[in-house]
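Q: build me a structure from this.
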Amino acid sequence: MVHAQDDSSSPGYHPFWYARIIGIFDIDVRWTRDDGVIEPRQKKYFLWVRWFGKDGTYPSGVKYQRLDRIGFVHDEDDTEPFGFIDPACVIRAVHLIPAFEHGQTTELLGPSIARRDKMKTEDWCYYYVNRYSRLT
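A: Model (predicted):
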């Protein structure tokens, strides 16, 4: 879960974006400044993610006393289904609950390393986001 980068005054605004982490990577980077000086090597970390989008047809949140419902983004949504993010941008992990009543689909993504092995060629159509936790 990361803070949304959308305009908060836009219709359907939601304060968070959700993604599934596919991989965690690090690279060694050397910067060359404008004056030609090469900075010392630095290690940078990043996450490769598959983005989810909020289901705008499903009323959710505190007002409706329902968990948010999300589904994987695909190319037809005019949104990139994959991306890279800085691990420092991650607010917290959430528990995703498959929306079993909506079933699975093969329409979002073909066979891919982005999918967990046990899912083979299918994705759940929707998930419920359980971002609330109780400390005991």
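Q: count of neighbours near Lys63?
A: Neighbour count of Lys63, defined by other C-beta atoms under 10 Å: 7. C-beta: built from backbone N, CA, C; applies to glycine.
Q: renumber starting at 827 from here on
A: OK, 827 is where the count begins now, so the last one is Lys889.
Q: can you check the pLDDT for it?
A: Note for Lys889: predicted pLDDT of 83.
Q: which phi and psi does it have?
A: phi -60, psi -40 (degrees, to the nearest 10).
Q: Phe872 versus the spatially most central residue of the chain, what's the distance?
A: By C-alpha atoms, centre = their mean, the chain has its centre lying nearest to Ala845, at 1.2 Å. Look at Ala845 and Phe872: by C-beta to C-beta, to the nearest Å, they are 12 Å apart.
Q: which neighbours do those two share?
A: Shared contacts of Ala845 and Phe872 (C-beta atoms under 8 Å, 6 or more residues apart in numbering): Ile911.
Q: returning to that earlier point: quick check: beta-bridge partners of the closest residue to the residue nearest to the centre of the chain other than its chain neighbours?
A: Once flanking residues are discounted, Ala845 sits nearest to Val875: 3.7 Å by C-beta to C-beta, 6 or more residues apart in numbering. The partner list for Val875 in beta bridges (DSSP bridges) reads Ile847, Gly909.
Q: can you pull the contacts of Val875?
A: Ala845, Arg846, Ile847, Ile848, Phe908, Gly909, Phe910, Ile911.
Q: just Arg856 next, same as before
A: Going by C-beta under 8 Å, 6+ apart, Arg856 touches Ile864, Glu865, Pro866, Arg867, Gln868.
Q: nearest to Met827 among those residues?
A: Nearest to Met827, judged by C-beta to C-beta, of these is Gln868 at 26.9 Å.
Q: not counting its neighbours along the chain, what's nearest the closest one?
A: Excluding its sequence neighbours, the residue lying closest to Gln868 (C-beta to C-beta, 6+ apart) is Val855, at 5.3 Å.
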